[in-house]
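*Asks:* Here is the input, now give the coordinates:
(2 chains)
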Amino acid sequence: DAGITQSPRHKVTETGTPVTLRCHQTENHRYMYWYRQDPGHGLRLIHYSYGVKDTDKGEVSDGYSVSRSKTEDFLLTLESATSSQTSVYFCAISEGVSETQYFGPGTRLLVL
Amino acid sequence: GQNIDQPTEMTATEGAIVQINCTYQTSGFNGLFWYQQHAGEAPTFLSYNVLDGLEEKGRFSSFLSRSKGYSYLLLKELQMKDSASYLCAVRYSGAGSYQLTFGKGTKLSVIP
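*Replies:* The predicted structure is shown next:
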């Protein structure tokens, strides 16, 4: 157990509304990641962080922003949600010599 | 981008052995990971290979050939609870902060 929680676990929202997903970790890991998972696409990296206030884009970053003001929290924001952002969102941390990634429980987001 | 290829679906019988293959582009290779993901749950880490050869962990083994860009996950003495998706992920050097590129996953069904 890498001590990762995500909130909310489920959310239904309407197109055009802002949405923020939270990832919280308790073990002071430096690296944190946000992925989305969709049928037929597998896991795709949205953004990642390599320290407080240090973030960078992943493969599918359009329409998403992130913030990391504290080591333990990594926030993913959809500024104006669209139906194409309906997905399951996973947060991950990496740890150990191999920097193996471990995943949080996920957030199911439905944008109507 | 770097394509990670694995079969979409496989079916095997309880008690049998199954091998799930993964091929990837070799340029910049810096480690390969296997994850298990049950339906509706988060991926969980199974194995890590960075050198050629076989890594064994109980009923699960993972093999890597760096020159061939090939890995497989071997599951022995299959149990019904092994029905899940198996994700192959590769880390490439030069990618920021230990990013992983995931295959689309292999859905394994174990039948009685």
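
*Asks:* C-alpha only now, for contacts and for neighbours.
*Replies:* Will do.

*Asks:* number of nearby residues for the closest residue in space to B:Ser27 that isn't next to it in sequence?
*Replies:* Using C-alpha to C-alpha, 6 or more residues apart in numbering or on different chains and skipping residues adjacent in sequence, the residue nearest B:Ser27 is B:Tyr92, 7.9 Å away. B:Tyr92 is flanked by 20 other residues according to other C-alpha atoms under 10 Å in any protein chain shown.

*Asks:* One more: B:Gly94?
*Replies:* The local packing of B:Gly94 (other C-alpha under 10 Å) involves 11 other residues.

*Asks:* Make sure it is actually in contact with B:Ser27.
*Replies:* No. Counting by C-alpha atoms under 8 Å, B:Gly94 stays clear of B:Ser27, with 10.7 Å between them.

*Asks:* what about A:Asp38, how many neighbours?
*Replies:* Neighbour tally, A:Asp38, other C-alpha under 10 Å: 14.

*Asks:* now the spatially closest residue to it that is not a sequence neighbour: how far from A:His41?
*Replies:* Among residues not flanking A:Asp38 along the chain, A:Ser87 sits closest, at 5.9 Å (C-alpha to C-alpha, 6+ apart). Counting by C-alpha to C-alpha, to the nearest Å, the gap from A:Ser87 to A:His41 is 11 Å.

*Asks:* what's the answer for A:Ser83, then?
*Replies:* With C-alpha to C-alpha as the criterion, A:Ser83 and A:His41 are 16 Å apart.

*Asks:* ranges for the strands of chain A?
*Replies:* Using DSSP state E, the strands of chain A run over residues A:4-7, A:10-13, A:19-25, A:32-38, A:42-51, A:54-57, A:64-70, A:73-78, A:87-95, A:100-103, A:107-111.

*Asks:* ok, back up a step: more neighbours: which of A:Ser87 and A:His41?
*Replies:* Regarding A:Ser87 and A:His41, a neighbour count based on other C-alpha under 10 Å identifies A:Ser87 as having more, with 17 against 12.
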